[in-house]
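> heads up, no residue letters with this:
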């Protein structure tokens, strides 16, 4: 039996906590809308096997074909590149799911995966570092409700010239918006036009220019998230000028050093590539996990790759790291749409 055949068989027969089933059902039936006539590529690892098993069982119950891969069966970690077996299988699938824990310097392998997704216009769920808590919280959200507020935010920001964001913690920044860059909605209802993270709930673009201060009292992204977790006790204060990171300061000097190193890996790693508003109104607090926390109502930005294939940005970076703050006041042009982290608009 080949590794991939063994993986598919082992996941569908693997026992998992029934509490994971509602989140898996939401992912497969609501967010991805998997049809019986379709094929799904499911990518996971040993650490995420139980969650992947809940997803595999739901795919099976829909009646769709699936091919599962456990990364450690195919290549040593951290991955230098995404195994060819996975890339080949994705060429015959309409849907893909990545539910795994990431390791240092594996971003390239995930970019290889999303390049196939974008080229083939697959419906793809990106569940990086998914865990039990997220399956029981963010993945149980009412995504029709999240989509309604996301659509309303999109309507407002897509015609705006600027967005101002402030917090009592010290954030005070202005994002000037470019009419050349497209806004995208990833509300959890995933379409062929744009793959999405699950749990979902954000509206984002590449900003024209960001200036000001951002106090990260939520989390930072990529592998630094697992290392540093919730930053409420030791926030990271970032200063930006003309869309470039000019300063990073924290009482946690290791965080400060690691973040600065990450954002200076290439010529555009320190450039603001993403400006986003979290719209998952079902979430109650940050949990120290970027996958869910970036969907928490408020502003998050990312340095590095601007996902230009979607936004229209013409520059590139090999890195991408999100930073999340909390309890925002937000103005779209002169209209305030959020106070203390609560939306002032209705869907």
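Yep, it's here. Just so it is clear, the structure is predicted and the values come from calculations on it, not from any experiment.

> what are the ranges of the strands in the stretch 101-250 of the chain?
Taking DSSP state E, counting those that start in this stretch as the criterion, the stretch 101-250 of the chain carries its strands at 123-128, 162-166, 172-176, 184-186, 196-197, 202-205, 209-216, 236-241, 244-250.

> ok, the fourth one: who's next to it in the sheet?
This points to strand 184-186. According to DSSP bridges, strand 184-186 has the following sheet partners: strand 202-205 (antiparallel).

> on that earlier part again, output the strands of the stretch 101-250 of the chain in JSON lines; the columns should cover mean pLDDT.
Below are the strands of the stretch 101-250 of the chain laid out as JSON lines (pLDDT from 0 to 100):
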{"stretch": "strand 123-128", "mean pLDDT": "97"}
{"stretch": "strand 162-166", "mean pLDDT": "98"}
{"stretch": "strand 172-176", "mean pLDDT": "98"}
{"stretch": "strand 184-186", "mean pLDDT": "94"}
{"stretch": "strand 196-197", "mean pLDDT": "92"}
{"stretch": "strand 202-205", "mean pLDDT": "97"}
{"stretch": "strand 209-216", "mean pLDDT": "98"}
{"stretch": "strand 236-241", "mean pLDDT": "98"}
{"stretch": "strand 244-250", "mean pLDDT": "98"}
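
> I'd like the ones you listed laid out as TSV, including mean neighbour count.
For every residue, glycine as well, the C-beta is placed using N, CA and C. Formatted as TSV, these follow (neighbours: other C-beta atoms under 10 Å):
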stretch	mean neighbour count
strand 123-128	23
strand 162-166	20
strand 172-176	19
strand 184-186	23
strand 196-197	22
strand 202-205	26
strand 209-216	20
strand 236-241	20
strand 244-250	16
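
> As JSON lines, these with distance to residue 103 would be great.
Rendered in JSON lines, the data for the strands of the stretch 101-250 of the chain read as follows (distance: least, C-beta to C-beta, whole Å):
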{"stretch": "strand 123-128", "distance to residue 103": "11"}
{"stretch": "strand 162-166", "distance to residue 103": "32"}
{"stretch": "strand 172-176", "distance to residue 103": "32"}
{"stretch": "strand 184-186", "distance to residue 103": "24"}
{"stretch": "strand 196-197", "distance to residue 103": "18"}
{"stretch": "strand 202-205", "distance to residue 103": "24"}
{"stretch": "strand 209-216", "distance to residue 103": "22"}
{"stretch": "strand 236-241", "distance to residue 103": "22"}
{"stretch": "strand 244-250", "distance to residue 103": "23"}
